[in-house]
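*Asks:* how would this look folded up:
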Amino acid sequence: MPQRLKDNGVVPPDGYRWRCRETGYTVRARTRWTWVKSAREHLESNSIPVPADLEEQMHDQLCGQLPPEYCERPEGKGWINPRLKWNDIVDGTKAFLGLAKGGFNFVDPVEAERRAWLCVSCPNNIALSGCGTCRKMATLLTAEVAQRKTPYDADLKACAVCRCAIPAMIHFPMSALEVTDTSEKQALYPSEFCWKSKASPTYQPDMEMATA
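*Replies:* This next block holds a predicted model:
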């Protein structure tokens with residue numbers, strides 16, 4: 001059962017938004033009618049078939065990042081709070097330490113690029129809010145991989161599910177990333193395409209490593 005917005009007269013926080021998986025473009029609007037119309041026009045202008053349930057898909061995606069009071073959702077269905085917290089920094093540290101124990105080995109560049117490509121158009125690839133100190137610490141934690149690049153880095157921000165810096169995360173082996181994995185996070189990763197979702201066809205165990 002897809003999630004759906006409750007009240008036509010209430011504009012969600014930050015407005016209506018929907019990211020097109022095929023193009024990575026985010027449609028934004030202040031009214032629901034304009035939102036759906038703009039999404040349809042975006043698909044048509046890019047020669048992408050408009051699904052019959054387009055509006056339902058848009059509601060479901062948006063509700064995944066809204067508090068419970070804004071949406072009708074199945075019982076037990078979680079939502080993603082994109083605010084960076086101290087606990088997220090702790091998790092990032094654990095993953096970083098897990099990588100260090102492996103001798104700072106990273107995944108093969110081809111695998112990192114595959115992951116980056118999957119993340120670019122994901123609706124959970126967002127700019128995180130939070131205290132300035134938290135963001136600075138997160139930057140420090142990724143310093144060891146700062147020199148590693150993919151063609152998609154300019155479009156990579158942070159994963160709203162794990163609160164990880166995506167340009168760094170894509171280079172970590174699964175054994176390091178899964179140190180902080182939980183069933184709650186697994187339930188929120190898009191199972192259709194996310195490389196971190198164990199239910200996704202794109203999930204792969206640790207690939208061949210490339211020493212830093």
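
*Asks:* Can you classify the closest residue to residue 184 other than its chain neighbours by secondary structure?
*Replies:* Excluding its sequence neighbours, the residue lying closest to residue 184 (CB to CB, 6 or more residues apart in numbering) is residue 78, at 6.5 Å. C-betas here are computed from N, CA, C, even on glycine. At residue 78 the chain is in coil, as set by DSSP: H, G, I helix; E, B strand; the rest coil.

*Asks:* Quick check: the closest residue to residue 2 other than its chain neighbours vs residue 167, distance?
*Replies:* Spatial nearest neighbour of residue 2, chain neighbours left out: residue 60 (4.0 Å); criterion: CB to CB, 6+ apart. Applying CB to CB, to the nearest Å, the value for residue 60 to residue 167 is 28 Å.

*Asks:* ok, now residue 152?
*Replies:* Taking CB to CB, one finds residue 152 at 9 Å from residue 167.

*Asks:* which neighbours do those two share?
*Replies:* Common neighbours of residue 152 and residue 167 (criterion: CB atoms under 8 Å, 6 or more residues apart in numbering): residue 116.

*Asks:* gap between the residue nearest to residue 121 when sequence neighbours are not counted and residue 116?
*Replies:* Distances taken as CB to CB, 6+ apart put residue 24 closest to residue 121, at 3.7 Å, once the chain neighbours are dropped. Distance, residue 24 to residue 116, by CB to CB: 12 Å.

*Asks:* Those two: which is more packed in?
*Replies:* Under the criterion of other CB atoms under 10 Å, the comparison of residue 24 against residue 116 puts residue 116 first, with 23 against 15.

*Asks:* just to revisit the earlier point, contacts only, for the residue nearest to residue 121.
*Replies:* 120-121, 155.

*Asks:* Kindly indicate which of those residues lies nearest residue 69.
*Replies:* Checking those against residue 69 with CB to CB, the nearest one is residue 121 at 28.2 Å.
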